[in-house]
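Trainee: got a predicted structure plus its sequence, pasted below:
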Amino acid sequence: MSQPPTPNPHHVSPWKFVLALVAVVGLVALISPLLSKKAGRDYATRYDEPKGLGHAVTAPKAAELSAAANLNEHSWTNGMVWIPGGTFQMGSEEGQPDEKPVHEITVDGFWMDRYELTNEEFEKFVKATGYATIAERKPKQEDFPDAPPEALVPGSIVFTPPPGEVPLHNHMAWWRYVPGANWRHPEGPDSNLKGREKQPVVQVSWFDAMAYAKWAGKRLPTEAEWEFASRGGREKLTYTWGNEKTPDGKWLANIWQGQFPNGNTLQDGFKFQAPVGSFPPNDYGLYDMAGNVWEWCADWYMPDYYAKSPKRNPQGPQESYDPNEPGVWKRVTRGGSYLCTEAYCWGYRPAMRMKTSPDTGLSHTGFRCVRSGPPPVKP
Ligand SMILES: [Ca+2]
């Protein structure tokens, strides 16, 4: 199988989309102060900076999480699957350079959400806590001191198919910063969640996912846990289900068919997000570990981490670097989305690594949580 042509498909950062917005609506003078700050090493966060991380990031306020863990002691495993620990070969020799070297990793057993987190589940969290996602918050003037107040507009990044074929080296051709886009309005103010309760929540940043996980008494998976779980106990296969993309002509994940990004032939039945669990699970009983939406992991992204990763329960590097966008620290996302094609990002392979700035929400990125043991009690 041929390799994807670009080393960093779908990677995005907010300031580029602010730039796109500028180009579209002619607000250059208005928004340029935001850009200059965003583009720097300590790209501006709109939010508070937690201590001890050594870089500009934000974390949910303690008060936002005060409703946490109202959990029945026996209920937290509901909807979760026990992933028995084990040793596996992480990475792939046939994928991107950052998937190499293939290396042996051992992870302890853990529980993992059977499905990607849905809109209706995220709504329970928001109702209980009053939490506002990053895309819903107005950028703070103090973080953008040079920006005029009218430029500080909440919003998020939305996949917007172009009318015709476009070169694949410029993702600005299909991603757009949309004021008013957020998890309740994934494609912008005119969209809503009616009938989409069982679809995975999107337009949630890494910080939003972390806030949810804390409230639920769970955590985000490490990158190693995610890949181990996605392989379903089956070694070194190209896909979660085997080595053939469409065995017996069947599509086994919600991905993109046809000409990306303008012509989706819908052979798998879905244009964008599908209700979770619309495709068969892997051998651990996990759904949508390939396709549907990218899923946030806990780890920072480093392209060469595999060469020096600890062998047991790796927690990711202490810092981040993306050669395609130096200076912007990114968290790992995994699993690919409804936008993935073999010709472009091939992201629905268990070995494929993606990375996104932790303050960024996207219309194809969500998450699922994990929790450490104990294992299920045998009757
Ligand atoms: Ca997925």
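Mentor: Noted; the coordinates are in hand.
Trainee: quick one, strands of the stretch 251-379 of the chain?
Mentor: For the stretch 251-379 of the chain, the strands defined by DSSP state E, counting those that start in this stretch occupy 258-259, 263-264, 294-300, 331-334, 353-356, 365-366, 370-372.
Trainee: for the fourth one, list the C-alpha coordinates in PDB.
Mentor: Extracted as PDB, the C-alpha positions of strand 331-334 are listed here (Å, rounded to 0.1, in the frame of the first residue of the first chain):
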ATOM      1  CA  ARG A 331      -1.400  16.500  22.300                       C
ATOM      2  CA  VAL A 332      -1.900  13.200  20.600                       C
ATOM      3  CA  THR A 333      -5.100  12.200  18.900                       C
ATOM      4  CA  ARG A 334      -5.800   8.700  17.600                       C
END
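Trainee: which strand residues bridge V178?
Mentor: S156 (DSSP bridges).
Trainee: what ranges in the protein fall below the confidence cut-off?
Mentor: 1-74 (pLDDT under 70).
Trainee: what residues does it have near the ion?
Mentor: Residues of the chain lying close to the ion (CB under 5 Å from the ion) are 288, 292, 335. Where you see a C-beta, it was placed from the backbone N, CA and C, and this is true even at glycine.
Trainee: ok, 6 Å please
Mentor: Within the chain, the positions near the ion by CB under 6 Å from the ion are 116, 288-289, 291-293, 295, 335.
Trainee: most neighbours out of those, which is it?
Mentor: N292 (33 neighbours; other CB atoms under 10 Å).
Trainee: and for the residue lying closest to that residue once chain neighbours are set aside, the neighbour number?
Mentor: Spatial nearest neighbour of N292, chain neighbours left out: N254 (4.4 Å); criterion: CB to CB, 6 or more residues apart in numbering. Residues contacting N254 under the criterion other CB under 10 Å number 28.
Trainee: ok now the helix or strand K214 falls within, how far from the chain's centre?
Mentor: If you go by DSSP states H and E, K214 is part of helix 206-215. Mean-position distance between helix 206-215 and its chain equals 12 Å (CA atoms, centre = their mean, to the nearest Å).
Trainee: got it, and stretch 151-162?
Mentor: For stretch 151-162, the distance to the chain centre is 17 Å (CA atoms, centre = their mean).
Trainee: try stretch 223-237
Mentor: 17 Å.
Trainee: end-to-end on it?
Mentor: Distance across stretch 223-237, first residue to last, is 17 Å (CA to CA, to the nearest Å).
Trainee: over to stretch 253-271?
Mentor: 12 Å.
Trainee: list the buried ones in it?
Mentor: 253-257, 260-261, 264, 268, 270 (16 or more other CB atoms under 10 Å).
Trainee: other residues contacting it?
Mentor: With CB atoms under 8 Å, 6 or more residues apart in numbering as the contact definition, stretch 253-271 has outside contacts at 159, 161-166, 168, 173-174, 239-240, 251, 273-274, 278-279, 288, 290-292, 336-341, 343-344, 348.
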